[in-house]
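Trainee: no FASTA, just this:
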């Protein structure tokens, strides 16, 4: 049984690493593209009235909140990344693993910007370019939203997170 559990952990770890790495690469490549293609200040309409491409350097979090505390947002992102890895190791579910991998890629992708473009302690600005009219974000932000939606769906669908939770649901965790 222990061998099976370790094999499954290895599978989930590999899935987490692959999903997170591919997602991070896509995020960073799109940001490099945006810096190059949109650096002259132009806006490129994609879906008129709904989506355009505009380069914005965001020092804050979502919707520009916390722009005066970029270093704190960076430290929270580090803590979130560590917590997501711990959660991914603890779950038995491939669905939860994939959701955590996307959340990790989103948090880490924006953290990379805060480190790479910093002038002081973790105060770099995030490269945003997906302009929805009411907000400007990036691919990492899309990953965070996808992960959040997936987590809510798994909670609503009662997808078990841990072996203990699975055992309790099947009656194996009950004692006389």
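Mentor: Great, that's in hand. These figures come from a predicted structure and were not determined experimentally.
Trainee: model confidence over stretch 36-47, on average?
Mentor: In this model, stretch 36-47 has an average pLDDT of 95.
Trainee: residue ranges with poor pLDDT in this protein?
Mentor: Applying pLDDT under 70 to the chain flags residues 1-7, 62-68, 172-176.
Trainee: and the helices in it, which stretches?
Mentor: Taking DSSP state H to define them, one finds helices in the chain at 2-37, 70-90, 94-116, 139-156, 163-170.
Trainee: tell me what angle the third one forms with helix 139-156.
Mentor: Orientation check (axes from the mean of the first three to the mean of the last three C-alpha atoms, to 10 degrees): helix 94-116 against helix 139-156 gives 150 degrees.
Trainee: number the chain from 375, please
Mentor: That works, and once the first residue is 375, the last one we named lands at helix 468-490.
Trainee: check the offset of helix 468-490 from the chain's centre.
Mentor: 3 Å (C-alpha atoms, centre = their mean, to the nearest Å).
Trainee: go on, the fourth one?
Mentor: Relative to the chain's own centre, helix 513-530 is displaced by 8 Å; criterion: C-alpha atoms, centre = their mean.
Trainee: which strands and helices sit next to that helix?
Mentor: With contacts taken as 3 or more C-beta pairs under 8 Å, 6 or more residues apart in numbering; DSSP states H and E, helix 513-530 sits against helix 376-411, helix 468-490, strand 500-505. Every C-beta, even on glycine, is put in place using the N, C-alpha and C of the backbone.
Trainee: list the buried residues of the second one.
Mentor: Buried positions in helix 468-490, judged by neighbour count with 16 or more other C-beta atoms under 10 Å: 469-488.
Trainee: same question, the first one
Mentor: Of the residues in helix 376-411, those buried under the neighbour-count criterion (16+ other C-beta under 10 Å) are 383, 386, 390, 393-394, 397-398, 400-402, 404-405, 408.
Trainee: with the last one instead?
Mentor: Residues of strand 500-505 classed as buried: 500, 501, 502, 503, 504, 505 (neighbour count, 16+ other C-beta under 10 Å).
Trainee: now distance to residue 451 too, for those, in CSV please.
Mentor: Converted to CSV, these look like this (distance: C-beta to C-beta, whole Å):
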residue, distance to residue 451
500, 10
501, 15
502, 15
503, 19
504, 19
505, 23
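Trainee: which among these gets closest to residue 516?
Mentor: residue 504 (7.4 Å; C-beta to C-beta).
Trainee: other residues contacting the top strand by length along the chain?
Mentor: Using DSSP state E, we find that the single longest strand of the chain is strand 425-432. If you take C-beta atoms under 8 Å, 6 or more residues apart in numbering as the criterion, strand 425-432 is touched by 408-409, 411-413, 415, 417-420, 438, 441, 491, 499-507, 510.
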